[in-house]
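K.L.:
Below: sequence and its predicted model.
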Amino acid sequence: MVGRAMVEAALRYAAKGWPVFPCAPRSKVPLFANPHPRHGVQRYRCRGYRDCGRLGHGVLDATTDPDLITGPMWGRCPTANIAVACGRPGPDVIDFDVAAGKPGLVSFARLRAAGLLRGVQALVTTPSGGWHLYFAGSAGGQGNGAVARYGVDFRGTGGYVLAPPSYTAHGRYVLADHRTPTGREVDFAAIRAFLDPPGTRRRHPPVRATDHSALVRWLRAQRPGNRNNALYWAACRAIESGAGASALAGLVDAAVGTGLSRREARRTVESAYRTA
């Protein structure tokens, strides 16, 4: 019954034009492991199932093809969770997080009062008690980011969210409200500027093309609640400055030292490589 519900929901999202791919049951981790070598930058270069005919590229495998969804994707694991790829043609999503005491719902109230959340298409409650707000995917291709100390995460092009009826050990994602789409886009930059004005932001370390040790030291100092976002930021900056596989491996090691699993850290670096 659970498997049937997952497959039917995945097909409904695809029919809306939202690309989907499977994550492991009870998990946010993509179902299929990366099919490419573990070492070397080449493992980050494949652009998905259409490039190599194999699954395991995370959000790059997202599709609206019903035959692919019912065949090699959910056909292998009907109870797999549903990940929706964010960014046009999929939705942009804001995650208001309350886990570990994060003030996501306080931030939601502030942003709503400021008129920065107009155009919501759907509201989904998350297993932790937070909310996902869905908006039309932006034409400009907004990326991913966070205002971590305010419990706010952004998911745009290159990111994904678990969608109902997906579930984790803490509960299910549930559609709480649905509204007629208006096509109005959300402005992530305006939200960040409102919550975290430029003059109050924490400084990031300098990034040099030949030395990424400052990034590693900065990453090692991160605390729970910001570790994954910090790794993503550091990996993007390292890649943009010409980092090779050894520098990225150093960032993965530093993230593991802060408490992330090696698998989660590698997937975050893969996502950063695709975005950068």
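P.N.:
Happy to help now that I have it.
K.L.:
can you pull the contacts of L117?
P.N.:
Counting by CB atoms under 8 Å, 6 or more residues apart in numbering, L117 touches 94, 108, 111, 133, 186. C-beta here means a position set from N, CA and C on the backbone, and glycine is covered the same way.
K.L.:
from those residues, which ones fall inside strands?
P.N.:
The members of the contacts of L117 that map onto strands under DSSP state E are 94, 133.
K.L.:
which of the contacts of L117 sit farthest apart?
P.N.:
Checking the contacts of L117 against each other with CB to CB, the farthest-apart pair comes out as F108 and V186, at 12.6 Å.
K.L.:
which residues are common contacts for the two?
P.N.:
Jointly contacting F108 and V186 under the rule CB under 8 Å, 6+ apart are 117, 133.
K.L.:
on that earlier part again, is it possible to export the contacts of L117 to CSV including distance to A249 and pLDDT?
P.N.:
Compiled in CSV, the contacts of L117 are given as follows (distance: CB to CB, whole Å; pLDDT from 0 to 100):
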residue, distance to A249, pLDDT
I94, 32, 96
F108, 38, 92
L111, 38, 93
L133, 36, 96
V186, 36, 91
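K.L.:
Make TSV out of the contacts of L117 and add neighbour count and distance to L55.
P.N.:
Conversion of the contacts of L117 to TSV gives the following (neighbours: other CB atoms under 10 Å; distance: CB to CB, whole Å):
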residue	neighbour count	distance to L55
I94	25	29
F108	21	35
L111	21	37
L133	22	30
V186	25	31
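K.L.:
Reformat the contacts of L117 as a markdown table; add distance to G171.
P.N.:
Converted to a markdown table, the contacts of L117 look like this (distance: CB to CB, whole Å):
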| residue | distance to G171 |
| --- | --- |
| I94 | 20 |
| F108 | 19 |
| L111 | 25 |
| L133 | 18 |
| V186 | 26 |
